[in-house]
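Colleague: all I have is the shape, not the residue letters:
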């Protein structure tokens, strides 16, 4: 099938473009860029060196991918941006490469959708099946778990983690780690409940949901310390996989947990 490159696009000879991909008018693809099969790169897109994009990507106009980290300690070291398969990146999204003092790479996994004006800073890891609505901003070193939804005009401060299957309402600000499976919102973020609708859609069993509701009640509603809550969860709920995943997230926190 080959690839289709508009005559006005600038594609470096050392860039690799996959079969069936298209590059739109006035787009710039620098050296050492890899784009997989069946990708659709619209007009006026800039993809900087050391950016690797999987198959089936759909990238809209004015996106800038793989730019240098916005960090005063970065001095031009060779770092990367890695984007997975079937990712949708809408207008004016920016994603920066990693740093040597971080992961050395920024990672956006499969089937992610970044709506217009989102920003993914250096050394972030965005899990699979994440949806970030318009103007969501991730600071450096943020980790977002699989199947997370983030409402528009929200922000996550540096080094924070967002647990898998959680949901943030629009206009939220995270300054601490948000555990998996929960929903919440607000500039002064408030955790509200288990994300029952999202978990049901992803096939969690009624038994799992019952356990997670009990975990939520113990951890958020009984005025216990974190260590007391963990001990009570283990005794009263057990260590089923979904509960163990929640507890391991708590154990890995370095920024504190939103409660």
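Modeller: All right, it came through fine. On a predicted model such as this, the values are computed, not experimentally measured, just so you know.

Colleague: and the gap between the residue nearest the centre of the chain and residue 184?
Modeller: Centre of the chain computed as the mean C-alpha position; nearest residue by CA atoms, centre = their mean is residue 126, 2.5 Å away. For residue 126, the distance to residue 184 equals 19 Å [CB to CB, to the nearest Å]. Every residue, glycine included, has its C-beta placed from N, CA and C.

Colleague: and the longest helix seen in the chain, what's buried?
Modeller: For the chain, the helix that runs over the most residues, judged by DSSP state H, is helix 206-221. Neighbour-count burial for helix 206-221, with 16 or more other CB atoms under 10 Å as criterion, is recorded at 208-209, 211-212, 214-216, 218-220.

Colleague: just stretch 36-47 next, same as before
Modeller: Residues of stretch 36-47 classed as buried by neighbour count (16+ other CB under 10 Å): 36-42, 44-47.

Colleague: Throw those residues into JSON lines and include secondary structure, distance to residue 56 and pLDDT, thanks.
Modeller: Formatted as JSON lines, the buried residues of stretch 36-47 follow (DSSP: H, G, I helix; E, B strand; the rest coil; distance: CB to CB, whole Å; pLDDT from 0 to 100):
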{"residue": "36", "secondary structure": "coil", "distance to residue 56": "7", "pLDDT": "98"}
{"residue": "37", "secondary structure": "coil", "distance to residue 56": "7", "pLDDT": "97"}
{"residue": "38", "secondary structure": "coil", "distance to residue 56": "5", "pLDDT": "97"}
{"residue": "39", "secondary structure": "coil", "distance to residue 56": "7", "pLDDT": "98"}
{"residue": "40", "secondary structure": "strand", "distance to residue 56": "9", "pLDDT": "98"}
{"residue": "41", "secondary structure": "strand", "distance to residue 56": "12", "pLDDT": "98"}
{"residue": "42", "secondary structure": "coil", "distance to residue 56": "15", "pLDDT": "98"}
{"residue": "44", "secondary structure": "coil", "distance to residue 56": "21", "pLDDT": "98"}
{"residue": "45", "secondary structure": "coil", "distance to residue 56": "16", "pLDDT": "98"}
{"residue": "46", "secondary structure": "strand", "distance to residue 56": "20", "pLDDT": "98"}
{"residue": "47", "secondary structure": "strand", "distance to residue 56": "16", "pLDDT": "98"}
